[in-house]
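J.: Here's a sequence, model it:
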Amino acid sequence: MVFHSEEQRRREMTTLRSRNQPSLPTNRAFVVQLRADAEVGQGEFRGRVEHINSMRATHFHSIEELLAFIVKVLSEPEQP
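T.: Numbers count the residues shown, from 1 in each chain. Predicted coordinates:
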């Protein structure tokens, strides 16, 4: 490949990486199930969340608890 500028080279390398890595990798996939009685419009988030790859799950009673679980799972090293 012949590049005419650093920017062109960067764009091409980014494109090549994107082809090799999915933009939505499964190790970052979660299922969020909200309780039927959760008043989401009122900011009430209650339900269950499960990480697809590890199958770890927890119940949550607020958006903060939901996000804390996601952050915790994504911060831990992946298991082989």
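J.: For this protein, just list every one of the helices.
T.: Here the chain has its helices, by DSSP state H, at 6-20, 63-75.
J.: Next, the contact list for the residue minimising distance to the centre of the chain, please.
T.: For the chain, the residue nearest the mean C-alpha position is Arg28 (3.9 Å; Cα atoms, centre = their mean). Shown in contact with Arg28 (Cβ atoms under 8 Å, 6 or more residues apart in numbering): Leu74. (Each C-beta comes from the backbone N, C-alpha and C, glycine too.)
J.: Tell me, how many residues neighbour Phe45?
T.: 19 (other Cβ atoms under 10 Å).
J.: Use 638 as the first number from now on
T.: Got it, the first residue is 638 from now on, which makes the last one we talked about Phe682.
J.: Please verify my assumption that it contacts Ser699.
T.: Yes - under the criterion of Cβ atoms under 8 Å, Phe682 makes contact with Ser699 at 5.9 Å.
J.: Could you list the low-pLDDT ranges of the protein?
T.: Counting by pLDDT under 70, the low-confidence segments of the chain come to 638-641, 646, 649-656, 717.
J.: Could you give the number of residues near the residue nearest to Ala694 when sequence neighbours are not counted?
T.: Using Cβ to Cβ, 6 or more residues apart in numbering and skipping residues adjacent in sequence, the residue nearest Ala694 is Glu687, 4.0 Å away. A count of neighbours around Glu687, defined by other Cβ under 10 Å, yields 16.
J.: Next one: Glu687 from Glu715, what distance?
T.: For Glu687, the distance to Glu715 equals 16 Å [Cβ to Cβ, to the nearest Å].
J.: cool, and Glu681?
T.: Computed with Cβ to Cβ, the distance linking Glu681 and Glu715 is 33 Å.
J.: What of Phe697?
T.: With distances taken as Cβ to Cβ, Phe697 is found 22 Å from Glu715.
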